[in-house]
Every structure is written in structure tokens, then in C-alpha cells.
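Predicted coordinates and the sequence they were generated for:
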Amino acid sequence: MSTSSSAQDFVRFALDQGVLRFGSFKVKSGRISPYFFNAGLFNSGASVGRLAAFYAQALIDSGISFDMLFGPAYKGIPLATATAVALAQHPAAAGRDIPFAYNRKEAKDHGEGGTLVGAPLQGKVVIIDDVITAGTSVRESVEIIRAAGAEPAAVLIAMDRMERAGPDDALSAHSAVQDVARTYGMPVVSIASLSDIMALLEQDAQFADHRANVQAYRAKYGVTA
């Protein structure tokens, strides 16, 4: 699979920030993964600013028509906020000021009340998150957006692990990202994917020691497209 220069730049940026690491990691599914991606480690103004620029570029490159952004609590809140800022500054935005909204986990019983904060949900809404694992956050976001009479237009994430779910003897046919796209009939756009990580491992000798382990993990759990 071909990989874009922007995706490769993002993979190297994630490595530089310690967000992407190689080694041996027990992940949420219980699997031992040869790599780990933790977007929560983008935790400074400069790193989140650059991350948001990658999100904005991926969304613009996708060609998807959208009216606003939605960040699911909690990780999606700063991501949607920062991406809206990056989009406002992007030359291709042609001066558009993109609204955004997010939800609270707990309803507020004073002030404006409710669980939604930000611009009213309307038009075509892009959901922004870090990764998709079980798809729970996307399902909740879709329900919130539809309940407001708006249309979920796409999901935008940082990394697509391209990984099948389930126990080793009963792996799902598709990845969590593919399942979300099929279930809700909308595209899932990622800044980068496991294919881009593999491309780095194949091109850069300093990571050669990790290549076989990641290839083996992908052969066991991965999807090809």
C-alpha cells in the first residue's frame, strides 16, 4: 500500500514525541503488541498544535464535505478544539471559521445545563478522536449528532491499527475501523495507519530490529486494506 509523505511525517512526529513506541506492550485487548500508540502523550502546546495541523490536513485531503466538528468526551474534546483552530488557519479553508462542539460525560444541572457544549449540532458533522478500538465512542457520538437533527459525515482519527478484534480462535472479519464505516455508512479517515508504520520500518535501518515482530503481528491480526 502506498503511503503519503504527510502520513510518514506524522509517524516520525509520533516517534519523536514518544507517542509511538516499539517493544513489547500488553494492550487493552490483552494482546502483546510490538508497538504502542498513545495519543495522550501529545501533551504540550507545541505538540498538540502540530497534531491538529495533521488532523486538519487529513480532513482537507479527504475531500469530505463538512460543516462542523464534534469531539467525544474526553480525548476528543481537545482534539476537536485544536483541529478547529488549525482549520481556521489553513490556506485551503478559504477563511471558513469551523464551529465545534463536544459532550460531557455527566449532565450539568445549572447554567446552560445538558451534556452538550459549544456550537449547535447542525449540518454535516465530523467526529474527531484519537483511535477506534471497540467503536463505543463513535456509536455514542452518532446517537448524539442524530438526536440533534444533524448528520454524522465522517470519523477522523490519528492512527488506524488495521487490526481485527476478538480472541485468536475467533477473529473478526474486519477491523474496528472497517466495522464503524460499514455500520454507519460513513468514511473513517486516519492521519496514518499500520501500513505507514510498516513503511517506516522497511525504509529506516535504525528500526530494522522491530520489523520482523511488527510484520508477524500484522500477519496474525491485521487486515490488508
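That came through fine. Residues are numbered from 1 along each chain as shown.

Average pLDDT for the longest helix that the chain contains, rounded please.
Longest helix in the chain, counting residues (DSSP state H): helix 45-62. Here helix 45-62 scores 97 as its mean pLDDT.

Just the CA trace of that helix, in PDB.
This file holds the C-alpha atoms of helix 45-62, laid out as PDB (Å, rounded to 0.1, in the frame of the first residue of the first chain):
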ATOM      1  CA  GLY A  45       1.000  23.300  23.300                       C
ATOM      2  CA  ALA A  46       3.500  22.800  20.500                       C
ATOM      3  CA  SER A  47       2.900  19.100  20.100                       C
ATOM      4  CA  VAL A  48      -0.900  19.400  20.100                       C
ATOM      5  CA  GLY A  49      -0.700  22.400  17.700                       C
ATOM      6  CA  ARG A  50       1.300  20.300  15.200                       C
ATOM      7  CA  LEU A  51      -1.000  17.300  15.800                       C
ATOM      8  CA  ALA A  52      -4.000  19.500  15.000                       C
ATOM      9  CA  ALA A  53      -2.300  20.600  11.800                       C
ATOM     10  CA  PHE A  54      -2.000  16.900  10.700                       C
ATOM     11  CA  TYR A  55      -5.700  16.400  11.600                       C
ATOM     12  CA  ALA A  56      -6.700  19.400   9.500                       C
ATOM     13  CA  GLN A  57      -4.600  18.400   6.600                       C
ATOM     14  CA  ALA A  58      -6.000  14.800   6.600                       C
ATOM     15  CA  LEU A  59      -9.600  16.100   6.600                       C
ATOM     16  CA  ILE A  60      -8.900  18.600   3.800                       C
ATOM     17  CA  ASP A  61      -7.100  15.900   1.800                       C
ATOM     18  CA  SER A  62     -10.000  13.500   2.200                       C
END
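
which helices and strands sit right next to the helix or strand containing residue 85?
If you go by DSSP states H and E, residue 85 is part of helix 76-89. Helix 76-89 sits against helix 45-62, strand 68-71, strand 100-108, strand 124-128, with contacts defined as 3 or more Cβ pairs under 8 Å, 6 or more residues apart in numbering; DSSP states H and E. Every C-beta, even on glycine, is put in place using the N, C-alpha and C of the backbone.

Assign a three-state SS to residue 134, would you?
Following DSSP: H, G, I helix; E, B strand; the rest coil, residue 134 is assigned to coil.

mind listing what it touches?
Residue 134 sits next to 165, 176 when contact means Cβ atoms under 8 Å, 6 or more residues apart in numbering.

so what pLDDT did it get?
Looking at residue 134, its pLDDT reads 75.

just the one 4 residues further on next, same as before
Residue 138 carries a pLDDT score of 93 in this model.

That one touches residue 180, doesn't it?
Yes - Residue 138 lies in contact with residue 180 (Cβ atoms under 8 Å); the separation is 5.2 Å.
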